[in-house]
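*Asks:* Show me how the following folds:
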Amino acid sequence: MMRSVERILAVFESFSAERSSLSLQQISDRIELPKSTTFRIVQSLEQAGYLVRLEDQQYCLSFRFTRLAGLVKSTLGIREIARPFMTELAEKTKETVSLHTVSGRNRICIESISTVMAPLRAVVQAGEQIPLQAGSGSKVLMAYMPKAELTPLLSSVGKASKQTKTELLAELEHIREVGFAVSHGERLMGISAISAPITDVNEEVHYCLSVGAPTVRMQMHEKEFVKLVVDAAASISRQFGGQAELSVPIDEP
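*Replies:* Below you'll find the model as predicted:
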């Protein structure tokens, strides 16, 4: 039974935004199954209304997925998806884990989890707004902004962070290349943070995951924490319908 389910899911996953319609042979090649086996699966999915056969004998996903996607969107939000991964990350790091999004010229914390009451720890609360001028979370969110949204921010953010436009763009491009950002004392003296992007079904970034800690502890565990944050953000992205890896060069506005 599980094998059959995996094969059906493989057929669905063979479609993409770039290839929204595929021939039987193309589906067979992508899921690495014999054409005869692929035909039986595709035929069953067509009869069940999940695939549509076009006039050119290619197949595409049916509108039943639109209805299902609407159900997911109405019942499952980013906080519900992220919370289990955030809790696990907080338990592993023993530090504060937070989820952020952009709100105007600020980033806003929409969820924060801390499992250990350490004598000294980074504190960020849900609802807290932070200027988009410093900190790894701000830099990650800016790094993946569309050009039209990023351009108006460059002058003010660069001035506040004492960076030229060229320096800021270079930093944002580097963040996109490596897939995370680290900051030490940029927002608050003695506090460091590591942040990674969360992608959605449209391959866009509207959220980032962060771990904040006193710099003295962060520097001791930075390499380990980077991997944990990136892995957790990738897991959230997959649950949110996005891809786990990003490496798109930033265009200079």
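*Asks:* Quick one: low-confidence residue ranges for the stretch 51-200 of the chain.
*Replies:* Applying pLDDT under 70 to the stretch 51-200 of the chain flags the ranges 70-76, 116-123, 157-162.
*Asks:* those helices in it, which residues are they?
*Replies:* Taking DSSP state H, counting those that start in this stretch as the criterion, the stretch 51-200 of the chain carries its helices at 64-75, 78-93, 136-143, 147-160, 165-178.
*Asks:* so how far is D231 from L168?
*Replies:* Separation of L168 from D231 (Cβ to Cβ, to the nearest Å): 28 Å. C-beta here means a position set from N, CA and C on the backbone, and glycine is covered the same way.
*Asks:* These two: which has the busier surroundings?
*Replies:* Neighbours per residue, other Cβ atoms under 10 Å: of L168 and D231, the larger number sits with L168, 20 against 15.
*Asks:* quick one, the biggest helix by length in the chain and helix 165-178 angle?
*Replies:* Longest helix of the chain, by residue count under DSSP state H: helix 215-239. On the basis of axes from the mean of the first three to the mean of the last three Cα atoms, to 10 degrees, helix 215-239 is oriented at 60 degrees to helix 165-178.
*Asks:* Now the residue nearest the centre of the chain: closest residue in space that isn't a chain neighbour?
*Replies:* Central residue of the chain (Cα atoms, centre = their mean): I198, 1.6 Å from the mean position. Using Cβ to Cβ, 6 or more residues apart in numbering and skipping the chain neighbours, the partner closest in space to I198 is Y207 (4.3 Å).
*Asks:* Might one say that that neighbour is in contact with T101?
*Replies:* Yes: with contact defined as Cβ atoms under 8 Å, Y207 counts as touching T101 (5.1 Å).
*Asks:* Just want to know which of those two has more residues nearby.
*Replies:* Using other Cβ under 10 Å as the criterion, Y207 and T101 rank with Y207 on top: 29 against 18.
*Asks:* Thanks a lot, catch you later.
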